[in-house]
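**Student:** Sharing a model that was predicted from the sequence below.
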Amino acid sequence: MTVLPPLVEPAGALSYDEVARYSRHLIIPDVGTLGQRRLRAARVLVIGAGGLGSPALLYLAAAGIGTLGIVEFDDVELSNLQRQIIHGTSDVGRSKAASARDSIREVNDGVDVVLHESRLDRTNAVELFEQYDLILDGTDNFATRYLVNDAAILAGKPYVWGSIYRFEGQVSVFWENAPGGVGINYRDLYPEAPPPGMVPSCAEGGVLGVLCASIGSIMVTEAIKLITGIGDTLLGRLMVYDALAMTYRTIKVQRDPDRTPVTELIDYDAFCGVVSDEGAAAADGSTITPFELAELLKSSEDIALIDVREPVEWDIVRIDGATLIPKGRILSGEALTELPQDRRIVLHCKTGIRSAEALAVIKRAGFGDAVHLQGGIVAWATQVDPSLPVY
């Protein structure tokens, strides 16, 4: 078991209203008034008010966390509402941070909400983390995950990490300098980021909306356990949830004795890479804008517009005249014989990442004049054809 001492010293006595509000906590022997006073004294920072941040923030507020910090700089979009339950239809177009704050106040007006409406980066992460007792990280990209991990190490803070994709979720606790020499961090689980394009984001691969509630609630459970010092935390264990099979399993995570200590923050975009070096090199000088593609389609030049997304995405929206050839079939070489030899090829995907990877392969196969669409079909719908839905 990984039972740790309470993370937070208790606040003063509970008020009359607090006793009424938290009565179902107070009658749990392991929590009681002492545990509730620790929750009230706690300062918790949540990275993102999105899929995982939404349920986490609501349940942290309901549990009586005294101060909630929110790192969020995006606005609410219609596509968020399928899973980001802290926001509503009337919030579309608003700041996510402000929307989350208003929802939290409806749940518990006794929580102090602090908004950090700027992008988390290596210039501000450590100083920000030092202001809180505990961090919750529900971000959906590897660059930010490594940044959160390394900043938490340098700030000496524990954090709860969650991840979701389609029907599966993962949760763990990382704390490099945990008491008793049991410290572990995200780099022990993932020493290196996966190759660019290998792991799709939720925006590309999708996520079952209710999965966010399952994983977000587990993250809050771990936060409460750390703050109050009760139960066996997930420090040193990775919990994996499969919603389709309805199974939970835990995998032991061991400290890597050969890993390099974290002494500074680095360029995490470069460390993780959004597009591979080969994809970036192929796209250099071989990228066209949506407006340039629109002009090409109007011209007399005969081009082959190839959509490298997946069939389920093709069913949602497509550009007239495009042909679907999923990226995987191009990367494997299977579809290379299907590409026309007598026309210039223009590749596109959702946002331009997958098409750059496919571009590198077909250029290597001899299609030297091929190009890809900057920003993908999302940019096309935004800049050229707003009648198309954006997913």
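**Tutor:** It's in. Owing to the predicted nature of the structure, the values given are computational and were not obtained by experimental measurement. Numbers count the residues shown, from 1 in each chain.
**Student:** And whichever strand or helix holds residue 102, what's buried?
**Tutor:** Using DSSP states H and E, residue 102 maps to helix 96-107. For helix 96-107, the neighbour count (16 or more other Cβ atoms under 10 Å) marks 96, 97, 98, 99, 100, 101, 103, 104, 107 as buried. Bear in mind the C-beta positions are built from the backbone N, C-alpha and C, glycine included.
**Student:** Quick one: residues contacting the residue located most distally from the centre of the chain.
**Tutor:** Taking Cα atoms, centre = their mean, the residue of the chain most remote from its mean C-alpha position is residue 300, at 43.4 Å. With contacts defined as Cβ atoms under 8 Å, 6 or more residues apart in numbering, residue 300 has no neighbours.
**Student:** which stretches of the stretch 51-200 of the chain have low pLDDT?
**Tutor:** Counting by pLDDT under 70, the stretch 51-200 of the chain contains low-confidence ranges at 196-199.
**Student:** just to revisit the earlier point, which strands or helices does the helix holding residue 102 pack on?
**Tutor:** Helices and strands touching helix 96-107, as assessed by 3 or more Cβ pairs under 8 Å, 6 or more residues apart in numbering; DSSP states H and E, comprise helix 53-63, strand 67-71, strand 112-116.
**Student:** could you give the angle of it to strand 67-71?
**Tutor:** Orientation of helix 96-107 against strand 67-71 (axes from the mean of the first three to the mean of the last three Cα atoms, to 10 degrees) gives an angle of 160 degrees.
**Student:** distance between stretch 381-390 and the chain's centre?
**Tutor:** Here stretch 381-390 is found 25 Å from its chain centre; the criterion is Cα atoms, centre = their mean, to the nearest Å.
**Student:** go on, stretch 342-359?
**Tutor:** Per Cα atoms, centre = their mean, the centroid offset for stretch 342-359 relative to its chain is 25 Å.
**Student:** buried residues in that stretch?
**Tutor:** Under 16+ other Cβ under 10 Å, the buried positions of stretch 342-359 are 345-359.
**Student:** Strands along the stretch 101-250 of the chain, start to end?
**Tutor:** Here the stretch 101-250 of the chain has its strands, by DSSP state E, counting those that start in this stretch, at 112-116, 134-137, 159-165, 168-174, 237-242, 247-252.
**Student:** any chance of the ones you listed in TSV, with mean neighbour count too?
**Tutor:** Putting these into TSV (neighbours: other Cβ atoms under 10 Å) gives the following:
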stretch	mean neighbour count
strand 112-116	16
strand 134-137	26
strand 159-165	25
strand 168-174	24
strand 237-242	16
strand 247-252	10
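**Student:** Tell me which of the ones you listed approaches residue 311 most closely.
**Tutor:** strand 159-165 (18.5 Å; Cβ to Cβ).
**Student:** partners of that closest one in the sheet?
**Tutor:** Using DSSP bridges, strand 159-165 pairs in its sheet with strand 134-137 (parallel), strand 168-174 (antiparallel).
**Student:** quick one, that strand and helix 53-63 angle?
**Tutor:** 140 degrees.
**Student:** what does strand 159-165 contact?
**Tutor:** Under Cβ under 8 Å, 6+ apart, the answer for strand 159-165 is 51-52, 56, 134-138, 140, 145, 148-149, 152, 169-175, 186, 199-200, 202, 205, 207, 211-212, 215-216, 218-219, 222-223, 226, 234.
**Student:** Same check on stretch 94-110?
**Tutor:** By Cβ under 8 Å, 6+ apart, the surrounding residues in contact with stretch 94-110 are 17-18, 21, 49-50, 53-54, 57-58, 61-62, 64, 68, 70, 72-76, 80, 84, 86-88, 91, 111, 113, 115-117.
**Student:** what residues are up against residue 17?
**Tutor:** Taking Cβ under 8 Å, 6+ apart as the test, what residue 17 contacts is residue 110.
**Student:** in what helix or strand does it lie?
**Tutor:** Using DSSP H and E, residue 17 sits within helix 16-21.
**Student:** Next, the buried residues of that helix.
**Tutor:** Across helix 16-21, burial judged by 16+ other Cβ under 10 Å covers 18, 21.
**Student:** Farthest pair within the buried residues of stretch 342-359?
**Tutor:** Greatest spacing in the buried residues of stretch 342-359, by Cβ to Cβ: 345 and 351 (18.9 Å).
**Student:** What segments of the stretch 201-350 of the chain are helices?
**Tutor:** Remark: helices assigned in the stretch 201-350 of the chain by DSSP state H, counting those that start in this stretch are 202-205, 211-228, 268-272, 277-283, 290-298, 311-316, 327-331.
**Student:** Now the weakest link among the ones you listed, please, by mean pLDDT.
**Tutor:** Here the lowest mean pLDDT among the helices of the stretch 201-350 of the chain goes to helix 202-205, at a mean of 75.
**Student:** Return the list of helices and strands in contact with that helix.
**Tutor:** In terms of contacts (3+ Cβ pairs under 8 Å, 6+ apart), helix 202-205 is packed against strand 159-165.
**Student:** residues contacting the closest residue to residue 367 other than its chain neighbours?
**Tutor:** Of all residues not flanking residue 367 in the chain, residue 345 sits nearest, at 5.6 Å (Cβ to Cβ, 6 or more residues apart in numbering). By Cβ under 8 Å, 6+ apart, residue 345 lies in contact with 303, 304, 306, 339, 362, 367, 369, 370, 371.
**Student:** Show me what the host helix or strand of residue 39 is packed against.
**Tutor:** For residue 39, the host element (DSSP H and E) is helix 32-41. Contact partners of helix 32-41 among helices and strands, from 3+ Cβ pairs under 8 Å, 6+ apart: helix 23-26, helix 211-228.
**Student:** Distance check, the residue positioned nearest the centre of the chain against residue 47.
**Tutor:** Geometric centre of the chain, nearest residue: residue 140, 1.6 Å, by Cα atoms, centre = their mean. Plainly put, residue 140 is 11 Å away from residue 47 if you go by Cβ to Cβ, to the nearest Å.
**Student:** do the same with residue 102
**Tutor:** Distance of residue 102 to residue 47, given as Cβ to Cβ: 19 Å.
**Student:** Repeat that for residue 105.
**Tutor:** As defined by Cβ to Cβ, residue 105 lies at a distance of 20 Å from residue 47.
**Student:** for residue 268, same thing?
**Tutor:** 13 Å.
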